[in-house]
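[1] After the sequence you'll find the predicted model.
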Amino acid sequence: MTVFQVIIYYLVTMNLLGFLFMGLDKWKAKKRAWRIPEATLLLIAGLGGAVGSMIGMHLFRHKTRHWYFVYGIPVMLAIHILLVLFIWKGPVQFIVL
């Protein structure tokens, strides 16, 4: 398995989590139940789930009035794209055994 494959699997998992957590938090907000902390939602986005979090944010219309979600998640996404490009096209070749 190559590093690129590991990165893809990791990002897919984190984006699914980001999407699901946004939907779950919106559902809990409607039911007035215990909520997922905003720090947790931002952490998932920051650890690679920015695309899923952004899609969930707009699809569920959740956290769209908080500037740190509206601007922070796209910035995280840009950083993730740059990191993946650096690892993929960078000068060092990584090998996962």
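    Structure's in. What do you need?

[2] Could you list the low-confidence segments of the chain?
    Segments of the chain classed as low confidence (criterion: pLDDT under 70) are 93-97.

[3] all helices for this structure, in order.
    Along the chain, the stretches classed as helices by DSSP state H are 3-31, 38-44, 50-59, 67-70, 72-89.

[4] most tightly surrounded among these?
    Using mean count of other Cβ atoms under 10 Å, the stretch among these with the largest mean neighbour count is helix 50-59, at a mean of 21. (Each C-beta comes from the backbone N, C-alpha and C, glycine too.)

[5] That one - contacts with which helices or strands?
    Judged by 3 or more Cβ pairs under 8 Å, 6 or more residues apart in numbering; DSSP states H and E, helix 50-59 is in contact with helix 3-31, helix 72-89.

[6] That one vs helix 3-31, what angle?
    An angle of 30 degrees separates the directions of helix 50-59 and helix 3-31 when computed by axes from the mean of the first three to the mean of the last three Cα atoms, to 10 degrees.

[7] Next one: residue 16 relative to residue 75, how far apart?
    According to Cβ to Cβ, to the nearest Å, residue 16 and residue 75 sit 21 Å apart.

[8] Residue 12 now?
    Between residue 12 and residue 75 the distance, using Cβ to Cβ, works out to 21 Å.

[9] circling back: turn the helices and strands packed on helix 50-59 into TSV, columns for distance to residue 37.
    Converted to TSV, the helices and strands packed on helix 50-59 look like this (distance: least, Cβ to Cβ, whole Å):
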stretch	distance to residue 37
helix 3-31	9
helix 72-89	15
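
[10] For residue 38, which of these is the nearest?
    Taking Cβ to Cβ as the criterion, residue 38 comes closest to helix 3-31 out of the helices and strands packed on helix 50-59, the separation being 8.8 Å.

[11] what packs against that closest one?
    helix 38-44, helix 50-59, helix 72-89.

[12] Export those helices to CSV and append columns for distance to residue 65.
    Below are the helices and strands packed on helix 3-31 laid out as CSV (distance: least, Cβ to Cβ, whole Å):
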stretch, distance to residue 65
helix 38-44, 12
helix 50-59, 11
helix 72-89, 13
